[in-house]
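Student: Got a sequence here, can you build the structure:
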Amino acid sequence: MDLSKFDPNSSGNPNYNIFGLPFSEEEARLVVLSVPWEVTVSYLAGTARAPERIQKASLHVDLFDSDVNNGWKQGFFLREPDKKILFKNDYLRKESELFIDYISQGQKIDENRFMCKALKEVNEGSGFLNAWVYDQTKALLDKGKLVGLLGGDHSTPLGFYKAISEKYNDFGILQIDAHCDLREAYQQFTYSHASIMYNALNEIPQLTRLVQVGVRDYSQSEWDYICNSSNRVVTYFDKQIKERQFEGLSWQYLADEIINHLPQKVYISFDIDGLNRTLCPHTGTPVPGGFETEQLFYLFRKILESGRQLIGFDLCEVGISSNEWDENVGARVLFKLCNLMVASN
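Tutor: Numbers count the residues shown, from 1 in each chain. This next block holds a predicted model:
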């Protein structure tokens, strides 16, 4: 593309795409799929509207990145959220809210025909979403595009994982998250946001290693799953990371140790609640603790320096706020992931 008349130092043009870049989908090397879906969220809502809000905030992100100089010149493109998916999300979200409220009071669903219907519709809708994401991402991969995904809640990338697994026979996921997401059918929703990694490990044999970093809120069943995973799941709990640092270990040492658990092909699954809550106050399920952005950007950079290849990423659970702080942070995380993705391929 001819960029001779494009000024990367000017303010972002709202008539252009993500980060104010003048690329079409065909011209861009990296395409980010928007997935406006939060049907199974169990606490705070709003993430389904994150892609369009991040698009707006991204116009204020400077295009210079000292880690990846001129990475943007390879072209990034964010697809607009599909209105049919958003409409389906809004309908099923109301169904799931009623269902969650019903079961939280200890009621039995087999005694309520409407609740049985609601559960069936939510699970079928989530299955539809998984298939849609698979179809969209597979088509992009088949075109030779680098692909990222922007949620929505953390249930959204399962179809993308499956598309990735058809291209790479052996890959690992680096999961940045306050939660393990290893619950089986949480709140009876098969494809709950709290079950994404459980489902990925059960349904995708090509996923040989899951490395979780920053976890600080988890259940007994998830602890048992990790302990019985035969090292397929390696979890770095936030408490343990902090305590090891308190006792003198550097983040460099811990980052190298984390990376040593990863295979050659690495997918980054970034739940924004892995960050300190001051950076994501309106995320779906906030938890005290977490990272600064630069800590994680350092870890990602070290992955590339190790010679490993970044094969995909998702960014999920970004909340929306009146002052656009969450969206601003989300846009900057997205920009870094896009730059690292093109630098690695």
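Student: ok, which stretches of the protein are strands?
Tutor: Ranges of strands in the chain, per DSSP state E, are 30-35, 76-78, 146-151, 171-176, 207-215, 233-237, 265-271, 309-316.
Student: Going by contacts, tell me the helices and strands next to the first one.
Tutor: So the one you mean is strand 30-35. When contacts are defined as 3 or more Cβ pairs under 8 Å, 6 or more residues apart in numbering; DSSP states H and E, strand 30-35 sits against helix 50-58, strand 76-78, helix 113-142, strand 146-151, helix 325-343. Every C-beta, even on glycine, is put in place using the N, C-alpha and C of the backbone.
Student: That one vs helix 113-142, what angle?
Tutor: Going by axes from the mean of the first three to the mean of the last three Cα atoms, to 10 degrees, strand 30-35 is angled at 170 degrees with respect to helix 113-142.
Student: repeat for the longest one
Tutor: Taking the same axes, to 10 degrees, one finds that strand 207-215 is oriented at 110 degrees with respect to helix 113-142.
Student: Distance from the chain centre to strand 207-215, please.
Tutor: Here strand 207-215 is found 13 Å from its chain centre; the criterion is Cα atoms, centre = their mean, to the nearest Å.
Student: and it, average pLDDT?
Tutor: Throughout strand 207-215, pLDDT has a mean value of 98.
Student: quick one: which of the strands of the chain is nearest F291?
Tutor: Among the strands of the chain, strand 207-215 comes nearest to F291, with 5.8 Å by Cβ to Cβ.
Student: Neighbouring strands of the closest one in the sheet, and parallel or not?
Tutor: strand 171-176 (parallel), strand 233-237 (parallel) (DSSP bridges).
Student: From the rest of the structure, what touches the last one?
Tutor: With contact meaning Cβ atoms under 8 Å, 6 or more residues apart in numbering, strand 233-237 is reached by 180, 182, 197, 201, 209-216, 225-226, 254, 258, 261.
Student: Mind listing what's buried along that strand?
Tutor: V233, V234, T235, Y236, F237 (16 or more other Cβ atoms under 10 Å).
Student: how many neighbours does V61 have?
Tutor: Residues near V61, counting by other Cβ atoms under 10 Å, number 20.
Student: I misspoke; the intended subject was C227.
Tutor: 10.
Student: and the residue of the chain positioned farthest from its centre, what pLDDT?
Tutor: Going by Cα atoms, centre = their mean, the residue of the chain most distant from its centre is E111, 36.5 Å out. Looking at E111, its pLDDT reads 84.
Student: Please apply the same query to G106.
Tutor: 88.
Student: From G214, how far out is it?
Tutor: The gap separating G106 from G214 is 33 Å, by Cβ to Cβ, to the nearest Å.
Student: between those two, which one's more packed in?
Tutor: G214 (25 against 6).
Student: Tell me which residues touch that one, please.
Tutor: Contacts of G214 (Cβ under 8 Å, 6+ apart): I176, D177, A178, Y236, D238, I241, G274, G289, G290, F291.
Student: want to throw the residues you listed into JSON lines with pLDDT and distance to K117?
Tutor: Shown next, in JSON lines, are the contacts of G214 (pLDDT from 0 to 100; distance: Cβ to Cβ, whole Å):
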{"residue": "I176", "pLDDT": "98", "distance to K117": "36"}
{"residue": "D177", "pLDDT": "98", "distance to K117": "32"}
{"residue": "A178", "pLDDT": "98", "distance to K117": "33"}
{"residue": "Y236", "pLDDT": "98", "distance to K117": "41"}
{"residue": "D238", "pLDDT": "98", "distance to K117": "40"}
{"residue": "I241", "pLDDT": "98", "distance to K117": "44"}
{"residue": "G274", "pLDDT": "98", "distance to K117": "36"}
{"residue": "G289", "pLDDT": "96", "distance to K117": "39"}
{"residue": "G290", "pLDDT": "97", "distance to K117": "38"}
{"residue": "F291", "pLDDT": "98", "distance to K117": "42"}
